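> curious how this folds, go ahead:
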Amino acid sequence: MADHTLDEPRVAELTETSGVPGYEDRIRDLVREDLEETVDRVRTDAMGNVVGTIEGDSSYSVAVAAHMDEIGFMVSHVEGEDEGNGFLELEALGGWDPRVLAAQRVTVHTEAGDLPGIIGSPPPHTLDEADREATPDVDDVSVDLGLPYEEVTERVSPGDLVTMEQSTKVVGETITGKALDDRICLYAMLEAARAIEDPAVTIHFCATVQEEVGLRGARALGVDVDPDLAIALDVTVANDVPDFDEGEHVTRLGDGAAIKLKDGSVITSPRVHRRLRDVAETEAIDHQFEILPSGGTDTAGFQHTHGAKPVGAISVPTRYLHTVTETAHRDDVGATVDLLTAFLESETGDHEYSY
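Below is the predicted model:
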C-alpha cells in the first residue's frame, strides 16, 4: 500500500488547467509556483521547460522529468458564410483517436479570452449506411461556437488553441478526467520535490514541454541539464477492462507503480530498473513491471542527446489514454510518489549503472 495520500483538489487543478504542446503557459505558472516553495532554485529555458533544482552534497546529478503538455488542437481555419454560423477547422497537436471526439465540449483560447465550443455530432437517424460505417478522421472535426461567421472571424484567429472541456472527478477508488497524461505524473514529481530534504546528490525536477509532439523538451534538457542519471515519469496503458485478454493488459490498476522495462522508444537501463525494483521491495511499495509495445516517453529524450546516459522510468497505470476520461487508481499514484521519493533519497551517486 502507498503511504502518500492523494491531494485530489491539487490533481484537479493540474489536470483541468490548459496547456497544449508549445503553449504550456498556464500549467507552467502553476509548476513554477509550486517548485519555488520546495527547491533551491528554479529556471525556465527558451523552450519553456521548467527546472527546479535541489542542491545535493555531491556534484552527481539526477534529472526527473514529467511533461506539462496535453494533447489538443490549433485552429487552422474559420469556415462559414456571411449569413450563417462560423465553424473552426482544427490541426491536431498530439495523437487523437477521432472516435472519442464527437459530441465533446471544448474551450477555444484566444488572445481576448476563452470561448466555449462544441465538437458536433449529427443525429444517428440522419446518417445513411455509408456514413455510419465510415471511419472517422481527426481532419473532419470542426468546432461550433454558436456564433455568426462574422463574429467568429473577429474573435478567433488561426493559431488559437483548443482544449477539451472536462472536470476531474473521483470515481470509486480512481480519479478520472482529461490530461492525466501527464499531469498525474507532474503531481507525483512535485510531491517528491516537496518531500525530499538534504539529498546526497543534486536533483533537477524537470517539467518538460512538447512531449506529445516528439519528446522535444526532454531532448533539449538532456543536453542543457546533462545529468548523470535520468528518471522519467509518465502514464502507461492499463487495458485491464473487458474485451482485452490478460496478455494485453500491460498494467493493471491497483497493482502499484509501474517500473518501465521498455516502450516503443526506449529500453531502460537494466541496473536502473533493478534498483527501482530493489527500493520498492525494501520499502514494501506496491509495484509492477511495464512492457509497452509501442509509444514513447521523455525517457527516450534523455537517451537521444550527446552521450550515453543511464535512464529509468516510473509509470502510472492509466485506463482510456488520450481521451477525456483518463483514469488512474489513487493507490498507484501514491505508490509512484513513494517509490520516486525513496529512490531519490537513497541515491548516493555511488551506484554503478553502466555496463
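
> all strands for the stretch 1-150 of the chain, in order.
41-44, 50-54, 61-67, 72-80, 85-93, 104-110, 113-119, 142-148 (DSSP state E, counting those that start in this stretch).

> partner strands of the shortest one, with direction?
Each strand that pairs with strand 41-44, with its direction, by DSSP bridges: strand 50-54 (antiparallel).

> tell me the angle the strand it pairs with makes with strand 61-67.
Using axes from the mean of the first three to the mean of the last three CA atoms, to 10 degrees, the direction of strand 50-54 lies 140 degrees away from that of strand 61-67.

> rewinding a little: point out the most buried one among the strands of the stretch 1-150 of the chain.
strand 61-67 (a mean of 27; mean count of other CB atoms under 10 Å). C-betas here are computed from N, CA, C, even on glycine.

> and that one, which strands flank it?
In its sheet, and by DSSP bridges, strand 61-67 pairs with strand 202-208 (parallel), strand 229-237 (parallel).

> so what touches it?
By CB atoms under 8 Å, 6 or more residues apart in numbering, the residues outside strand 61-67 that reach it are 182, 185-186, 188-189, 192, 201-212, 217-218, 221-222, 225-234, 298-299, 301-302, 340, 344, 347.

> how does the chain divide into domains?
Per the record, the chain has its domains at 8-70+178-345, 72-164, by automatic domain parsing.

> straight-line length of the last one, end to end?
So that's domain 72-164. 7 Å (CA to CA, to the nearest Å).

> next one: it to chain centre, how far?
Distance, stretch centre to chain centre, for domain 72-164: 24 Å (CA atoms, centre = their mean, to the nearest Å).

> still on that earlier bit, D331: which of the strands of the stretch 1-150 of the chain is closest?
strand 61-67 (19.0 Å; CB to CB).

> so which strand or helix has the closest residue to S346 other than its chain neighbours?
Distances taken as CB to CB, 6 or more residues apart in numbering place V279 nearest to S346, at 6.2 Å, with adjacent residues excluded. Applying DSSP states H and E as the criterion places V279 in helix 270-282.

> of the strands of the stretch 1-150 of the chain, which is nearest D34?
Here strand 50-54 is closest among these (CB to CB), at 8.4 Å.

> ok, back up a step: local confidence estimate at the residue nearest to S346?
pLDDT recorded at V279 is 98.

> wait, L344 sits on I196?
Yes. The criterion here is CB atoms under 8 Å, and L344 meets it with I196 at 5.8 Å.

> more neighbours, these two?
Neighbour count, other CB atoms under 10 Å: between L344 and I196, L344 has more, with 23 against 18.

> so that one lies in a helix, does it not?
Yes. Under DSSP: H, G, I helix; E, B strand; the rest coil, L344 sits within a helix.

> what about T174, neighbour count?
19.

> now it, what are its backbone angles?
phi -120, psi 170 (degrees, to the nearest 10).

> pLDDT weak spots in the stretch 51-200 of the chain?
Applying pLDDT under 70 to the stretch 51-200 of the chain flags the ranges 122-135.

> quick check: the closest residue to V250 other than its chain neighbours vs A179, distance?
Nearest-residue entry for V250: V237, 4.3 Å, with adjacent residues in sequence omitted and distances by CB to CB, 6+ apart. Look at V237 and A179: by CB to CB, to the nearest Å, they are 17 Å apart.

> okay, these two: which has more neighbours?
A count of neighbours by other CB under 10 Å puts A179 above the other of V237 and A179, at 27 against 23.
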